[in-house]
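In: build me a model from this:
(chains A, B and C)
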Amino acid sequence: MADLHTLTERRIVFVGGKGGVGKTTTAAALGLLAAERERTCLVVSTDPAHSLGDAFDREIGDRETCLAAGLWGLEIDPEAQARRHIDNVTETMKSLVSPDMHGEIERQMALARQSPGAIEAAMLERVAQIMLDGRDRYDLVVFDTAPTGHTLRLLTLPEAMAAWTDGMLSHTRKSEQLGKVLRHLTPTGARAEVPTPFDEPDEDPFEGMDRRTRRITETLLNRRRLFHRARRLLTDVEQTAFLFVLTPERLPILETRKALEVLRQFDIPIAGAIVNRVLPDDVDGTFLQRRRRQEADYLRVIERDLGDLPHVRVPMLEHDVQGMESLKAIAHHLAKAGI
Amino acid sequence: MRDRDHRNRHERTLVGLDPERVRAWLRQARYVAEEFYFGRYRSTIARARRDEEDLFMLLVFSEMMGVPNPATYYTLEVQPLLLERFHEWHLRMGMERSPLDHFRCC
Amino acid sequence: MSAIIVLLAGLGAMALGYFVYSKFIAEKIFQLDPDYRTPAHEMEDGVDYVPTNRFILWGHHFTSVAGAAPIVGPAIAVIWGWAPAFLWVILGTIFFAGVHDAGAIWASVRNKARSIGAVTGDVVGARARSLFMIVIFLVLLMVNAVFAVVIASLLVNNPSAVIPAWGAIVVALIIGQMIYRWRINLLTVSIIGVVALYALIGIGPNVPVELPASVAGLPPNSQWIILLFLYAGIASLLPVWILLQPRDYINGLQLFIGLGLVYAAVLLSNPTIVAPAYNADVPAGTPSLIPLLFVTIACGAISGFHGLVSSGTTSKQINRETDVRFVGYFGAIGEGCLALAAILATTAGLATLGEWREMYSAFGEGGVGAFVQGGATIVSNGTGLSEAIAVTLLTVMTVLFAGTTMDTGVRLQRYIMQEWGNIYNIPMLKSVPVSTVVAVGACVALAFGAGGTDGTGGMLLWPLFGTTNQLLAGLTLLVMTVIIVRLGRPMWFTLIPLAFLLTMTTFALLVQLRTFYEAGDWFLLTLDVIILVAAVLVLLECVGTLRKHFREARTAA
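Out: As a prediction, the model looks like this:
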């Protein structure tokens, strides 16, 4: 079972949790920690509302950017990704139809570009690609994921997608087989008195069809391969781990509990949880002391409900986490907690 | 070589059997027999294949017909490959207009 | 009377019909136009719409229309003597079937190769179209029931055919796989198929199979009927290319081998027709020749089923419109030849008149049994094959034809059920298993209800099947007549056959109604009434439509 002590020795870590609990900070600090331990690391933000750049206090964007020695950052722009994909399709479509129809294709595709499904799917595809290729270039890839619901969908999608492409492939295969039979049943002898599409071996009408079938099959197979491999990697205990981040508050705890169930159901290895922004013992002022008493209740709930999940506490800092120095402080806390 | 061929042909023509004509006749006979016996078989297979492809097409274009499809984004790149067949397909379905609202193909 | 003379007279008359009458119909009535762009070219798609050489298309059309019905009908009808059956087959082919089949193709070709049902909807009206569907449903129901009875009695009477008849299904499955999976050379496939089938026919007489005398109180005939429908139900659910298509292919091979064998044997042995030309001494209970002859022989003289094949498949492959004459009319002649072979086998295949009378001891007796026995005698005398083998061969041929019809029939019936399920929103009927069970159940009920249980009364259903088949033909003729009237051409060549058919079928239904009433057979009585209602509706539709068009034509003039 994965656990927290070996977190930086893994190849892929997903950092997830409810919005606003400090996922980005944790992911950035984790990356920093790994880099300090001389493991080259890429921190990838998949949240459409990116804040990775804010955490490092600099611009990152949709390309791998060096942030420190051995540490790189990337903010995926799923909209650009979807646009690229759909533009590719549009180009292929245009090359197949008469120029009169180009306008129609543009109009059709403009609609597809904005659909939420397309953006989600583009994100999934990109994540899968980074998971698979990222390992060649980095020792560790840390994904700073979007809020839980979105992330769960992302992680469980490969299975659904693989099933769907399998179904599609079985249809193309059957159709291809029937195509072969058809060719087999087509007379080879003399020309017919009447031309039919079956008796012109010079311009074999099936040749084109088969090329098409082959291309369809290839396209689908590539997808399937990507999803299957991503799925296998995702469930590989040796390489992958999911890290929850939560704060000692009611809603983050509830959400973590629910997410835990789903991830277990999909066999995604879970390393543990980071209980973030725990008020330090020496906090002053009656207001904060009262907060701390309530927090203690929630910490007990965490012990009770998530007790079997290894977890460490990270104290709340005096000031905002922004910039390299404060990230280093968090990384230091993480290291002290045994990560 | 050619001389011998020529002579051979000449000899056989003498007994009334031009090998070229015999071969052509055999080819024709084979064609007719195959067509006669397997023509119907072939159209059955062709129809089965077309049905299979229609189903595939329906799955690929399902989103555009209002059926939610979990993988539209991924099938999008298959669509251009099916575009040429889409026209004949929708004609066959007896639709006066393509179900693709922005996609007039008649 | 020498069989050869009758044979040659029949063939000569049909040839004359083709060269003279069909030429007249094609040129003057249909006015076929070689330059008309046929749907095969207009909508060519390489699947359904394929312009096809007319000889090849004729082969496909003929193998589609030929089945067991042109054997069974004449084999029953010779009870009135050979001459009435012979005349109705020959004249029916020349003046009715040929015109009907070619006309159905023509009407379809001129209407985007749509099915005759759809053309009916356009030309006559929506009501006629629904009527068409109902009659098709009744025809399918009856053809399935009656063929199950026919096959069951053949298998009970000829146990030697059991192994080859069911073995042929296995051969068909293997042929299907050889083509589908292994893609073996077509010539090899054909040779293996034919050799395997004939090997089975060869061993059949050595391993006769008889079912136990009673299973759960059911006699062998009933057991076979249930087994057959079990098979047809399952077969109708398989993709067509797994079983149905290879079976069809074997039938195609069989058809020409069987037909060739019988004709060659008649020519070689020149048997004498022992049956009287007109049987003045029919067994008690035999209904009168007029009108029953005209509904007993439907396929072979005129069959509405052909209209479905003509418009569903053939019309989509017509290369030039002038080919309609050859493909349609000559297709009908092919069927006529099959019916003629059945007449000769049942009248010239028995040694003496006494034997013949014994065979035809009551109406509905004899039939295919007489065809198999008589045909086997002729084949064995003519070619030297052993009689046991010849009997098995002809039985298997008939069983395979009838069986394939059942496969298709149950399948089509399921489609109709599902369509009704959709139209009238009956969720149960929409499901494939339910509609199959309902379709099969209805056919079994009909087969049992008609007295097929003990293998005696089942053939009472036959004239009713013929009647419904003729009604279907009547509707097709109506469509053609309306088209012809609209074009301002002479309508008598389709109107007279139409009037004749409707008169004879209604007349026959009334005669049978009385018979069933007197016999107290309430099941068949009900069925008769249902068909009578359909017939009256068809009649009213015809009168109404034609009157409307006459009036229009008169005002236009």
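
In: tell me which parts of chain B are close to chain C?
Out: B:32, B:34-41, B:43-48, B:50, B:88, B:92 (Cβ under 8 Å from any Cβ of the partner chain). Every residue, glycine included, has its C-beta placed from N, CA and C.

In: in strands, which of these fall?
Out: Using DSSP state E, no member of the residues of chain B next to chain C sits in strands.

In: filter those down to the buried ones and hand me the PyMOL line.
Out: Buried subset of those, written as a PyMOL selection, criterion 16 or more other Cβ atoms under 10 Å in any protein chain shown:
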select buried, chain B and resi 32+34+35+36+37+38+39+40+41+43+44+45+46+47+48+50
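
In: also near chain A: which of the residues of chain B next to chain C, exactly?
Out: Okay, of the residues of chain B next to chain C touching chain A (Cβ under 8 Å from any Cβ), that's B:34-35, B:38, B:41, B:45-46, B:48.

In: what comes up buried for stretch A:295-304?
Out: So, applying 16+ other Cβ under 10 Å, buried residues of stretch A:295-304: A:295, A:298-299, A:302.

In: what is the distance between it and the centre of its chain?
Out: 31 Å (Cα atoms, centre = their mean, to the nearest Å).

In: and stretch A:20-33, by the same measure?
Out: On Cα atoms, centre = their mean, the centre of stretch A:20-33 falls 17 Å from that of its chain.

In: okay, the closest residue to residue C:404 other than its chain neighbours and chain B: tell me how far apart.
Out: Nearest non-adjacent residue to residue C:404, counting by Cβ to Cβ, 6 or more residues apart in numbering or on different chains: residue C:247, 5.2 Å away. Separation of residue C:247 from chain B (Cβ to the nearest Cβ, to the nearest Å): 11 Å.

In: with residue A:173 instead?
Out: 10 Å.

In: returning to that earlier point: closest to chain C among the buried residues of stretch A:295-304?
Out: residue A:302 (51.3 Å; Cβ to the nearest Cβ).

In: and chain B, what are its domain boundaries?
Out: As assigned by automatic domain parsing, chain B contains the domains B:2-40, B:45-92.

In: which element is the closest residue in space to residue C:449 that isn't next to it in sequence on?
Out: Spatial nearest neighbour of residue C:449, excluding adjacent residues (Cβ to Cβ, 6+ apart): residue C:523 at 4.3 Å. In this assignment (DSSP states H and E), residue C:523 forms part of helix C:522-556.

In: helix, strand or coil: sort out the nearest residue in space to residue B:82 that is not next to it in sequence for me.
Out: Distance criterion Cβ to Cβ, 6+ apart; nearest residue to residue B:82, sequence neighbours excluded, is residue B:57 at 5.6 Å. Remark: residue B:57 carries the secondary structure label helix [criterion: DSSP: H, G, I helix; E, B strand; the rest coil].

In: go on, residue C:25?
Out: The assignment at residue C:25 comes out as helix when based on three-state DSSP.

In: mind checking how far it is from residue C:96?
Out: Applying Cβ to Cβ, to the nearest Å, the value for residue C:25 to residue C:96 is 12 Å.

In: residue nearest the centroid of the chain?
Out: If you meant another chain, say so; for now it's chain A. residue A:127 (3.6 Å; Cα atoms, centre = their mean).

In: correction: the question concerned chain C.
Out: Central residue of chain C (Cα atoms, centre = their mean): residue C:69, at 3.9 Å.

In: which SSE is residue A:334 in?
Out: Counting by DSSP H and E, residue A:334 is part of helix A:324-336.

In: who's in contact with that helix?
Out: A:25-26, A:28-30, A:32-33, A:36, A:55-57, A:68, A:274, A:312, A:314-315, A:317, A:319-321 (Cβ atoms under 8 Å, 6 or more residues apart in numbering or on different chains).

In: in that helix, what's buried?
Out: Applying 16+ other Cβ under 10 Å to helix A:324-336 flags A:324, A:326-327, A:329-331, A:333-334 as buried.

In: dump that helix to PDB, keeping only the CA atoms.
Out: Output of helix A:324-336 as PDB, limited to C-alpha atoms (Å, rounded to 0.1, in the frame of the first residue of the first chain):
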ATOM      1  CA  MET A 324       9.300  30.700  -3.400                       C
ATOM      2  CA  GLU A 325      10.100  31.400   0.200                       C
ATOM      3  CA  SER A 326       6.800  30.500   1.700                       C
ATOM      4  CA  LEU A 327       6.500  27.500  -0.600                       C
ATOM      5  CA  LYS A 328       9.900  26.400   0.800                       C
ATOM      6  CA  ALA A 329       8.400  26.800   4.300                       C
ATOM      7  CA  ILE A 330       5.500  24.500   3.500                       C
ATOM      8  CA  ALA A 331       7.900  22.000   1.900                       C
ATOM      9  CA  HIS A 332       9.900  22.100   5.100                       C
ATOM     10  CA  HIS A 333       6.700  21.400   7.100                       C
ATOM     11  CA  LEU A 334       5.900  18.500   4.800                       C
ATOM     12  CA  ALA A 335       9.400  17.100   5.200                       C
ATOM     13  CA  LYS A 336       9.100  17.400   9.000                       C
END
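
In: what pLDDT, on average, does the top strand by length along chain A get?
Out: In chain A, assigned by DSSP E, the strand with the most residues is strand A:270-278. Average pLDDT, strand A:270-278: 91.

In: quick one: contacts of the helix or strand just after it?
Out: Later in the chain than strand A:270-278, the nearest helix or strand by DSSP H and E is helix A:286-305. With contact meaning Cβ under 8 Å, 6+ apart, helix A:286-305 is reached by A:246, A:248-250, A:253, A:257, A:275, A:278-279, A:283, A:311.

In: let's see if you can find the most crowded of those.
Out: residue A:246 (29 neighbours; other Cβ atoms under 10 Å in any protein chain shown).

In: give me the element the residue nearest to residue C:404 is part of.
Out: helix C:244-269.

In: in the helix or strand just after that helix, which residues are buried?
Out: Sequence-wise, the next helix or strand downstream of helix C:244-269 (DSSP H and E) is helix C:289-296. Applying a neighbour-count criterion of 16+ other Cβ under 10 Å, one finds C:289, C:291-296 buried in helix C:289-296.

In: tell me what helix C:289-296 is packed against?
Out: If you count contacts as 3 or more Cβ pairs under 8 Å, 6 or more residues apart in numbering or on different chains; DSSP states H and E, helix C:289-296 packs onto helix C:69-77, helix C:82-91, helix C:461-486, helix C:492-519.

In: separation between the spatially closest residue to residue A:33 that is not a sequence neighbour and residue A:246?
Out: The shortest distance from residue A:33 to any non-neighbouring residue, by Cβ to Cβ, 6+ apart, is to residue A:331 (4.3 Å). From residue A:331 across to residue A:246, the span is 19 Å (Cβ to Cβ).

In: rewinding a little: with respect to residue C:406, which of the ones next to chain A among the residues of chain B next to chain C is nearest?
Out: residue B:41 (20.0 Å; Cβ to Cβ).
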